[in-house]
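Undergrad: Quick one, what's the 3D model for this:
(one chain, ligands or ions: 3)
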Amino acid sequence: MQERIDQAFELGDCQGKKEECLLIYPERVFDGVQAGRLLIVGLGKDELTREMFRRAGGVVGQKALGLKAEKLFLVVPEELAFPVDDMVECLSEGLVLGSYQFNKYKKKEEEEKRPAIKRISLYVQDGSLVAARKAVKRGLAAGQAGAAVRDMANEPGNVWTPQAFAEYGAKIAGEGHLLFRVMEKEEMQELKLGGILGVSQGSAQPPKLVVLEYRTGRKVPTLLLVGKGLTFDSGGISLKPGESMGDMKYDMCGGAAVMAAMQVIGEEQPTRIDVVALVPAAENMPSASALKPGDIITQYGGKTVEVLNTDAEGRLILADALAYGVEKYKPDAVVDVATLTGAVIIGLGHHRTGLLANNDELAAKVLAAGERAGELLWRLPLADDYREQLKSQIADLKNVGGRPAGTITAAAFLQEFVGETPWAHLDIAGTAWNYTEKPYVPKGPSGIAARTLIELVRSWK
Ligand code: BES
Ligand code: MN
Ligand code: ZN
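TA: Ligands and ions are numbered 1, 2, ... in the order given. You can find the predicted model right below:
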């Protein structure tokens, strides 16, 4: 076997460059292993990182899909100067993410469907086996969370409705250690969640506020997660242009990331932290009953907002959820995730998630979690100067601050609803889809932020 590999290197057909692949058809049994194919993936010469193994895993996943390989046996290169648990965690994560496919609506091409990978086995030397096994479990869980986000995002707006979010919450609560509740429209009316009610009033889909709670039963800090679950954003009366409006079915990716993260948290049951998740889910449509530019709404807690552009709807539903969550659960920290502004694409492109925070310590934690998860963020400033742009002539706030610093004024709007609680906001409008191409990120929704949230909880001290 080794001779064949050596031969490929001698001929120069393979150099072991980063993500380079060498596919060999070995004797049916070699080194005691029975396999139809042997795939060697290059790692290059640069210093090894978690991201490199995630990418290598992605390459394997993509290849396995293409070859319709259903059973994989991974041999981990233990002679490398890199922690084996990090290596196998990221390989497994990349493998799941790289072999992702969504073909449930391709009914005609049934025969072309690629089978999903059925089994992944790993070969690691005995000494590290227990740690490696745990690491693989972590990697698979995180990978599956990313895939779950992609699944929700890929569903069209007529299927993935606010009701679908509620059903998903019920499902994961039944499987894991989570409490689940849905706040329906009637309760929103009683409690005066004017943002969610206002945004959804033009739609035939009733809004839902999905609540999931993970409780340790101990005296530990509480983290509140909030995700924008806008299942379709037409812009409302401030209608978006037709071009690529279809992408606005992805406007629920923040909510999906929060749900998928909770799913993993409910399974892993961390001991150092309680987590409460709120997903305000609604559809933004134009109709005779829709909000109109100039309308004034009252958010949860009593602040009034002049809605000058009905397309700036994300902040309205998030403001209710943030204000309600902060008051009801008195969290020690809040993190929200939202496809909030087109402006973040202008500022950071499709390569970094925008991070805004009122607290440096929390911002550092989120940045570190994103780094470990391979989901990079870049922090933008928040200051009173920006708040000025949201002053309304006749209400407490207006919902748009003009073109300059659109991402920051959106965050400044949200900041009004968290009080002094440490809070971080992730604007994933540039990264939730059309994200930087990577072997483990196919075209379509990226599944971003779920893994960052999971990492944040896993590493919480
Ligand atoms: N969901 C959009 C933000 C968005 C735009 C996400 C493009 C991904 C790609 C959000 O609801 C929105 O429409 N924001 C407006 C705000 C503006 C009216 C102040 C925007 O960014 O144009
Ligand atoms: Mn919008
Ligand atoms: Zn939106």
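
Undergrad: near ligand 2, which residues of the protein?
TA: Within the chain, the positions near ligand 2 by Cβ under 5 Å from the ion are 233, 311, 313. In short, each C-beta sits where N, CA and C put it, glycine included.

Undergrad: can you pick the most crowded of those residues?
TA: residue 313 (29 neighbours; other Cβ atoms under 10 Å).

Undergrad: Next, the contact list for that residue, please.
TA: The neighbourhood of residue 313, defined by Cβ atoms under 8 Å, 6 or more residues apart in numbering, consists of 199, 230, 233, 236, 282, 284.

Undergrad: Strand partners (parallel or antiparallel) of the helix or strand bottoming out on mean pLDDT in the chain?
TA: Lowest by mean pLDDT, DSSP states H and E among the helices and strands of the chain is strand 29-30, with a mean of 75. According to DSSP bridges, strand 29-30 has the following sheet partners: strand 33-34 (antiparallel).

Undergrad: Tell me where the stretch 151-300 of the chain has helices.
TA: Taking DSSP state H, counting those that start in this stretch to define them, one finds helices in the stretch 151-300 of the chain at 162-175, 185-191, 194-200, 253-268.

Undergrad: C-alpha coordinates for the second one, PDB please?
TA: Output in PDB follows, covering the C-alpha atoms of helix 185-191 (Å, rounded to 0.1, in the frame of the first residue of the first chain):
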ATOM      1  CA  LYS A 185     -50.700  36.200  19.800                       C
ATOM      2  CA  GLU A 186     -53.400  36.500  22.500                       C
ATOM      3  CA  GLU A 187     -50.800  36.600  25.300                       C
ATOM      4  CA  MET A 188     -48.600  39.000  23.300                       C
ATOM      5  CA  GLN A 189     -51.700  41.300  23.200                       C
ATOM      6  CA  GLU A 190     -52.100  41.000  26.900                       C
ATOM      7  CA  LEU A 191     -48.500  41.700  27.600                       C
END
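
Undergrad: That one - contacts with which helices or strands?
TA: Packing partners of helix 185-191 (3 or more Cβ pairs under 8 Å, 6 or more residues apart in numbering; DSSP states H and E): helix 194-200.

Undergrad: Pull the residues that contact the helix it packs on.
TA: 162, 185, 188-189, 206-207, 209, 230, 236, 280, 282-284, 291, 295, 297-300, 305, 307, 310, 313, 316-321.

Undergrad: Okay, and residue 136 sits in which element?
TA: helix 129-154 (DSSP states H and E).

Undergrad: Buried residues, that helix. List them.
TA: 132, 135-136, 138-154 (16 or more other Cβ atoms under 10 Å).

Undergrad: report the angle between the axes of it and helix 253-268?
TA: Computed by axes from the mean of the first three to the mean of the last three Cα atoms, to 10 degrees, the angle separating helix 129-154 from helix 253-268 equals 150 degrees.

Undergrad: hmm, helix 129-154 in reach of ligand 1?
TA: No - using Cβ under 6 Å from any ligand atom, helix 129-154 stays clear of ligand 1, with a minimum separation of 12.0 Å.

Undergrad: mind giving me the domain split of the protein?
TA: The record, using automatic domain parsing to delimit domains, assigns the chain the ranges 2-143, 155-458.

Undergrad: How about the last one and ligand 1, any contact?
TA: Yes - when contact is scored as Cβ under 6 Å from any ligand atom, part of domain 155-458 falls within range of ligand 1: 233, 251, 309, 311-314, 339-343, 400, 406, 429.

Undergrad: returning to that earlier point: pull out whichever of the contacts of helix 194-200 are also neighbours of ligand 3.
TA: Answer for the contacts of helix 194-200 near ligand 3 (Cβ under 5 Å from the ion): residue 230.

Undergrad: filter the contacts of helix 194-200 to the buried ones?
TA: By 16+ other Cβ under 10 Å, those give 162, 185, 188, 206-207, 209, 230, 236, 280, 282-284, 291, 295, 297-300, 305, 307, 310, 313, 316-321 as buried.

Undergrad: Three-state assignment for whatever residue of the stretch 251-400 of the chain ends up closest to ligand 2, please.
TA: Closest residue of the stretch 251-400 of the chain to ligand 2, Cβ to the ion: residue 311 (3.9 Å). At residue 311, secondary structure determined by DSSP: H, G, I helix; E, B strand; the rest coil is coil.

Undergrad: show me the biggest strand of the protein in terms of residues.
TA: Criterion DSSP state E: the longest strand present in the chain is strand 274-284.

Undergrad: What is the burial count for the residue in the stretch 51-200 of the chain positioned nearest to ligand 3?
TA: Residue nearest to ligand 3 within the stretch 51-200 of the chain (Cβ to the ion): residue 199, separated by 9.2 Å. For residue 199, the neighbour count with other Cβ under 10 Å is 30.

Undergrad: where's residue 296 relative to residue 181, distance?
TA: 30 Å (Cβ to Cβ, to the nearest Å).

Undergrad: now swap in residue 315 and tell me
TA: From residue 315 over to residue 181 (counting by Cβ to Cβ), the distance is 24 Å.

Undergrad: what does residue 278 give?
TA: Distance from residue 278 to residue 181, by Cβ to Cβ: 10 Å.
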